[in-house]
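In: need a 3D model of the following:
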Amino acid sequence: MSPPHIAGVGLGLRYPLVDELLERHAAGAVPAIRWLEVHPENYMRRGGRWPDNLRKCRERWPIATHGLAMSLGGVDPLDANYLRTLDRFLRELETPWHSDHLCFSTAHGAASHDLLPMPWNEETAAHFAARIRKAQDQLPCELAVENISYYLKPRGSTLDDGEFVDAVVSQSGCKLMLDVNNVYVNARNHGHDPRVVLAKMPLDRVVQIHVAGHYYEEPDFIIDTHAEPLCDDVYELLAWTLERTGRVPVLLERDDDFPALDELYAEVERLDRIWRSAPEKRPERER
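Out: Numbering: from 1, shown residues only. Presented below is the predicted three-dimensional model:
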């Protein structure tokens with residue numbers, strides 16, 4: 001059986017949304033939501049309502065997966081038990097790709113429960129690339145990596161965000177799960193032009209895009225919360241990006257302070273209009 005085709009705009013599947021999403025789907029009331037994304041860590045080795053909800057959703061929408069715990073930048077060995085369990089989960093879902101973050105989240109056996117940056121330099125890029133290739137060998141589908149948001153750039157960084165992502169993807173041969181909101185947050189916090197950063201990234205390797213909301217802690221400092229509505233700047237940056245990638249799938253992430261589903265769905269519909277206005281394929285001049 002071939003993996004499900006994922007296109008258009010999707011929504012991150014979170015527990016508070018499940019029941020109403022299924023009810024709305026049964027009534028034909030959420031047609032712009034074309035697919036869902038799940039965190040495997042929320043479902044692996046769990047019973048009861050969690051796998052039952054996933055089964056019901058999988059019967060109605062294609063599913064993509066987005067991991068939180070691979071710690072691709074870490075120095076501890078990749079967790080063999082985690083990868084074996086993830087492999088079984090991905091095979092069962094038949095997901096077309098799996099994504100995780102360009103970060104480390106464990107050190108010396110301890111988990112930080114956060115996505116922490118490594119120095120952006122050639123040595124770290126090679127380290128990431130080697131671990132990505134090793135992880136890819138143990139998964140049944142393509143692995144994509146996501147650019148992260150960060151608030152302090154580690155000492156020893158010699159590359160900017162776009163150059164670093166390009167180096168990792170080029171050396172590893174993996175795909176890119178491009179988070180447009182993370183690019184925007186970093187650019188605002190660190191004084192970059194987000195379009196310049198994006199232009200340096202390997203946009204021909206993008207298989208999926210994330211967008212989310214953020215919080216202004218101060219007028220010039222943003223926290224990447226996934227708990228607020230999208231701002232106009234992120235919508236505009238998404239449109240600019242899709243002009244250069246073509247119609248790759250776009251996901252709306254919302255992880256906290258969930259509004260009424262009608263409000264989330266209005267964001268999905270606006271994203272869908274932007275997605276449909278983009279070229280179907282990456283423009284030839286930018287290949």
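
In: so A32 makes contact with A266?
Out: No - using Cβ atoms under 8 Å, A32 is not in contact with A266; the gap is 9.7 Å. For glycine as for every other residue, the C-beta is placed from the backbone atoms N, C-alpha and C.

In: who's more crowded, these two?
Out: More neighbours surround A32 than the other of A32 and A266, with 19 against 14 (other Cβ atoms under 10 Å).

In: tell me the buried residues in the longest helix seen in the chain?
Out: Ranked by number of residues, the top helix in the chain under DSSP state H is helix 261-277. Neighbour-count burial for helix 261-277, counted by 16 or more other Cβ atoms under 10 Å, picks out L261, L264, Y265, E267, V268, R270, L271, D272, I274, W275.

In: any regions of the stretch 51-200 of the chain where pLDDT drops low?
Out: For the stretch 51-200 of the chain, the stretches flagged by pLDDT under 70 are 106-108, 110-112.

In: can you give me the strands for it?
Out: For the stretch 51-200 of the chain, the strands defined by DSSP state E, counting those that start in this stretch cover 63-66, 97-101, 104-107, 110-116, 142-146, 175-179.

In: and R49, how close does it get to K56?
Out: Distance, R49 to K56, by Cβ to Cβ, to the nearest Å: 10 Å.

In: so who does L203 touch?
Out: The contact partners of L203, by Cβ atoms under 8 Å, 6 or more residues apart in numbering, come to L176, L178, T241, R244, T245, R282, E286.

In: what pLDDT does R282 get?
Out: The per-residue pLDDT reported for R282 equals 79.

In: contacting residues for it?
Out: Applying Cβ under 8 Å, 6+ apart, the residues near R282 are L203, D204, R244, T245, G246.

In: now flag whichever of those residues is closest to A212.
Out: T245 (17.9 Å; Cβ to Cβ).

In: next, count neighbours for that closest one.
Out: 24.

In: same question for D76.
Out: The burial count for D76: 12, using other Cβ under 10 Å.

In: tell me how far it lies from A69.
Out: 12 Å.

In: D161 now?
Out: Separation of D161 from A69 (Cβ to Cβ) stands at 23 Å.

In: these two: who's more crowded?
Out: Set D161 next to A69 and count neighbours by other Cβ under 10 Å: D161 wins out with 28 against 17.
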